[in-house]
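Asker: based on what follows, work out the 3D shape:
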Amino acid sequence: MNKIEEKIIRLRESLHYHSNRYYNDDAPEIEDYEYDMMMRELKELEEQYPEYDAVDSPTKKVGGKADNTFENVIHTVRMESLQDAFSKEEVNDFDKKVSDSVRDKHYVVEPKIDGLSVSLEYRDGVFVRGSTRGDGDVGEDVSGNLRVIHNVPLKLNKPIPFIEVRGEVYMPKRSFERVVDHQLLNDEKPFKNPRNAAAGSLRQKDSKVTAGRGLDIFIFNIQQIEGEELSSHKQSLDYLKELGFNTVPFYKRVDNIEDALVEIDRIGEERGNLEFDIDGAVIKVDEFSSRDVLGSTSKFPKWAVAFKYPPEEKQTKLIDIEIAVGRTGVLTPTAILESVHLAGTTVSRATLHNQDFINEKGIAIGDIVTVRKAGDIIPEVLCVNEHNSDRTYTFPTHCPSCNQPVIRENDEAAIRCINPECPAQLLRNLIHFCSRDAMDIEGLGPAIIETFVNEGLIKNTFDIYNLDYDKIATLDGFKETSANNIKKSVEKSKANDLARLIFALGIRHIGAKAGKLLSDHFRNMDAIMSASVDDILEIEGFGLIMAESVVNYFSTNSAKLLIEKLKESGINMTSTTEIKDNRFAGMTFVLTGTLPTLKRNEASKIIEGFGGKTSSSVSKKTTYVLAGEEAGSKLDKANTLGIEIIDEEIFMGMTK
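Answerer: This is a model prediction of the structure:
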């Protein structure tokens, strides 16, 4: 194999990988521009060396593939992608090829929305089905989730016999910021950009989740239509507006390619001011008759081209580095820059990611750096152009919010403050503490907790048990009754099992199940606080990272103070799980299906009462699978592994 063939193979493998990360996993690892440049290089090599052509090359495929989460939809009209142009010379080349085939022509120029392409189908004016593009030939049925998007009309203004339209589902920038804030608040991995947020939100199994994400849609094409004759693209967009569709926000018909290029420049200047992402501008031949003459390649139509705006980069001076403490305790560095105009906005701050990134680039205060907007939204420092110091910036050893020591765990790039009473983390910790699976304090939801924090009623976790209920009753939206209801719920939570309290503390890597294991093993809070790593590792199901996290947490003075204050408030510090005997000691049960009389939590309590434990998944370590009606894949796996399957009658017999 020669070097050219090796390079082509490497490019194909890399493009397949990044295409899957982008389209199917909604988790891109490189910027669109880097992907486009790799695709461009592969195309050029394939044209130059046709002997290495391959039918499965990414240059011949649209990109995504149908996901198994939803039913497949075969597209009657192929949902094609667009050929890209990265310079005005390439746009002129496109115009020349069009002119070689058709004489009288006009173009329509419109923004290229950066979202997820979908098809909407209507019969007699009523929405009947919606699907994703997938690989262009087969997509996935997401009708239920499309129905909850505000600008997807369920009934058109005219009862047209049949129409299929194509649009782009996107997430407005303000919705993206809100969703990311919520993810950070709940210690979830945030979406990288609005495009991936839109894709991930549209593929939710629960349409309520989709509805809460603030998605929107622009319609930009008619795929097929019955009952109406249309002759041009602009006419079709105008008609789509009449039907009630939210069409692509602005589009302009021009007479020649020179005017099209002027419009491309205008859209490029406006992109920073838009409330949605665009990654280019699209030029389309307006007349449908001309489109028929031009036709399509195996991948894209010959009558359209997408001009891709290059990521704008500027050089500026790094004045300072500011460290912020996120709601999850992560210390995040932000570059403070001399202001520079970038992608339509003035930029004076940019992300520096983490200490590893800073070390890799050798970044120091005073350096001249290159900045760009990643995905045209979040400014980031790309590299250092001129070093003005030989001392690379180093993170502080203590939290800038609470002055407690910070840690870096072996498996993470992040440096983190683990002080449970750190002011920067207070709101997130309070919301978690009061949540249903933790202390389950009804009436103290996120909005009310935030109100109480703003009013100065809660300054730390133990203030929850010292609330001024008379003052609460005087707040807007509150009355004496609501204040008393909160008081009852707070008092009730004092009797919770120790396992709930452990989970409520928000210890890293310690979920509800791990909290239960700690509670059942040590039986009281004092024993947990004095336990060593080796002591905790004796618990089956605990690994080194989890054990070290528990020990590190309780070694802080703030954690010790919190527990002492909670004790003074009357919070239960012992396990309430009653161990009748140890007949199930060392046994693991997996519950599946619907049991005749017992609820799953009731069966779990019985198992734990006899020294056993439950698991959510079947493995070789499973002792029994307790199965009821409509038991699913867990039953199949148990049969495969030879795990003994019991029903409720046999189980209850084991407890007598």
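
Asker: buried residues in the one helix or strand residue 381 maps to, which are they?
Answerer: For residue 381, the host element (DSSP states H and E) is strand 378-386. Neighbour counts over strand 378-386 (16 or more other Cβ atoms under 10 Å) mark 379, 380, 381, 384 as buried. C-betas here are computed from N, CA, C, even on glycine.

Asker: give me the contacts around stretch 515-532.
Answerer: Contacts with stretch 515-532, where a contact means Cβ atoms under 8 Å, 6 or more residues apart in numbering, come from 497-503, 510, 536, 538-542, 550-551, 554, 560, 563, 567, 573-575, 577, 579, 608, 613.

Asker: ugh, typo on my part, it should be stretch 648-656
Answerer: Counting by Cβ under 8 Å, 6+ apart, 583, 595, 596, 597, 598, 603, 606, 610, 624, 626, 628, 646 sit against stretch 648-656.

Asker: tally of neighbours for the closest residue in space to residue 157 that isn't next to it in sequence?
Answerer: Once flanking residues are discounted, residue 157 sits nearest to residue 244: 4.5 Å by Cβ to Cβ, 6 or more residues apart in numbering. Residue 244: 15 surrounding residues under other Cβ atoms under 10 Å.

Asker: ok so, going back, buried among the contacts of stretch 515-532? Make that a ChimeraX selection.
Answerer: Here is the ChimeraX command that picks out the buried ones among the contacts of stretch 515-532, judged by 16+ other Cβ under 10 Å:
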select :497,498,499,500,501,502,503,510,536,539,542,550,551,554,563,573,575,577,608,613
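
Asker: of the contacts of stretch 515-532, which belong to strands?
Answerer: Counted as lying in strands by DSSP state E, out of those, are residue 613.

Asker: among the contacts of stretch 515-532, name the ones in helices.
Answerer: 498-503, 536, 550-551, 554, 560, 563, 567, 608 (DSSP state H).

Asker: distance to residue 2 and pLDDT added to the residues you listed, as a markdown table?
Answerer: Shown next, in a markdown table, are these (distance: Cβ to Cβ, whole Å; pLDDT from 0 to 100):
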| residue | distance to residue 2 | pLDDT |
| --- | --- | --- |
| 498 | 68 | 96 |
| 499 | 64 | 94 |
| 500 | 65 | 94 |
| 501 | 66 | 96 |
| 502 | 62 | 96 |
| 503 | 59 | 94 |
| 536 | 57 | 94 |
| 550 | 57 | 94 |
| 551 | 57 | 95 |
| 554 | 62 | 94 |
| 560 | 67 | 94 |
| 563 | 68 | 96 |
| 567 | 74 | 96 |
| 608 | 65 | 83 |
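
Asker: pull the contacting residues for residue 385.
Answerer: 315, 367, 368, 369, 370.

Asker: repeat that for 10 Å
Answerer: 315, 316, 367, 368, 369, 370 (Cβ atoms under 10 Å, 6 or more residues apart in numbering).

Asker: out of the residues you listed, the closest to residue 425 would be?
Answerer: residue 369 (29.8 Å; Cβ to Cβ).

Asker: what pairs with that closest one across the strands?
Answerer: Beta bridges link residue 369 to residue 316, residue 384 when assigned by DSSP bridges.

Asker: what about residue 520, is that helix, strand or coil?
Answerer: At residue 520 the chain is in helix, as set by DSSP: H, G, I helix; E, B strand; the rest coil.

Asker: ugh, wrong one, I meant residue 110
Answerer: Going by three-state DSSP, the state assigned to residue 110 is strand.

Asker: nearest residue to the residue nearest to the spatial centre of the chain in space, please, no chain neighbours.
Answerer: In the chain, the residue lying closest to the centroid (Cα atoms, centre = their mean) is residue 191, at 3.4 Å. Spatial nearest neighbour of residue 191, chain neighbours left out: residue 197 (3.8 Å); criterion: Cβ to Cβ, 6+ apart.

Asker: verify the stated contact: the residue nearest to residue 157 with residue 165.
Answerer: No - counting by Cβ atoms under 10 Å, residue 165 is not a contact partner of residue 244; they are 11.2 Å apart.

Asker: overlap of the contact sets of these two?
Answerer: residue 219.

Asker: picking that back up, helix or strand right after the helix or strand hosting the residue nearest to residue 191?
Answerer: Using DSSP H and E, residue 197 maps to helix 194-202. Remark: after helix 194-202, the chain's next helix or strand is helix 207-211, criterion DSSP H and E.

Asker: which parts of that next one are buried?
Answerer: Buried-residue list, helix 207-211, by 16+ other Cβ under 10 Å: 207, 210, 211.

Asker: show me where the stretch 251-400 of the chain has helices.
Answerer: 257-270, 288-294, 355-361 (DSSP state H, counting those that start in this stretch).

Asker: need the ones you listed in a markdown table (columns: distance to residue 339).
Answerer: Formatted as a markdown table, the helices of the stretch 251-400 of the chain follow (distance: least, Cβ to Cβ, whole Å):
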| stretch | distance to residue 339 |
| --- | --- |
| helix 257-270 | 19 |
| helix 288-294 | 46 |
| helix 355-361 | 21 |
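
Asker: out of the ones you listed, which comes closest to residue 478?
Answerer: The nearest among the helices of the stretch 251-400 of the chain, by Cβ to Cβ, is helix 355-361 at 44.6 Å.

Asker: check the offset of that closest one from the chain's centre.
Answerer: 25 Å (Cα atoms, centre = their mean, to the nearest Å).

Asker: what packs against it?
Answerer: strand 331-342, strand 378-386 (3 or more Cβ pairs under 10 Å, 6 or more residues apart in numbering; DSSP states H and E).

Asker: ok, which of the ones you listed comes nearest residue 140?
Answerer: Here strand 378-386 is closest among these (Cβ to Cβ), at 29.3 Å.

Asker: what's the helix or strand following that closest one packed up against?
Answerer: As assigned by DSSP H and E, the chain's next helix or strand after strand 378-386 is strand 406-407. Counting by 3+ Cβ pairs under 10 Å, 6+ apart, the packing neighbours recorded for strand 406-407 are strand 416-417, helix 544-554.

Asker: and the residue nearest to residue 419 when sequence neighbours are not counted, what does it touch?
Answerer: If the residues on either side of it in the chain are set aside, residue 419 comes closest to residue 404, at 4.1 Å by Cβ to Cβ, 6+ apart. Applying Cβ under 10 Å, 6+ apart to residue 404 gives the contacts 398, 417, 418, 419, 420, 421, 422, 556, 557, 558.

Asker: swap in 7 Å and give it another go.
Answerer: 398, 417, 419, 422, 556, 558 (Cβ atoms under 7 Å, 6 or more residues apart in numbering).

Asker: could you measure from the first one over to residue 189?
Answerer: Here the criterion is Cβ to Cβ, to the nearest Å. By it, residue 398 lies 27 Å from residue 189.

Asker: and these two? Which one has more around it.
Answerer: Neighbour count, other Cβ under 10 Å: between residue 398 and residue 189, residue 398 has more, with 12 against 8.

Asker: can I assume that one is in contact with residue 407?
Answerer: No - taking contacts as Cβ atoms under 7 Å, residue 398 lies outside contact range of residue 407: 11.0 Å.

Asker: now tabulate the ones in helices among the contacts of stretch 515-532 in a markdown table and tack on distance to residue 53.
Answerer: Formatted as a markdown table, the ones in helices among the contacts of stretch 515-532 follow (distance: Cβ to Cβ, whole Å):
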| residue | distance to residue 53 |
| --- | --- |
| 498 | 66 |
| 499 | 62 |
| 500 | 62 |
| 501 | 65 |
| 502 | 61 |
| 503 | 57 |
| 536 | 59 |
| 550 | 58 |
| 551 | 60 |
| 554 | 63 |
| 560 | 69 |
| 563 | 68 |
| 567 | 74 |
| 608 | 63 |
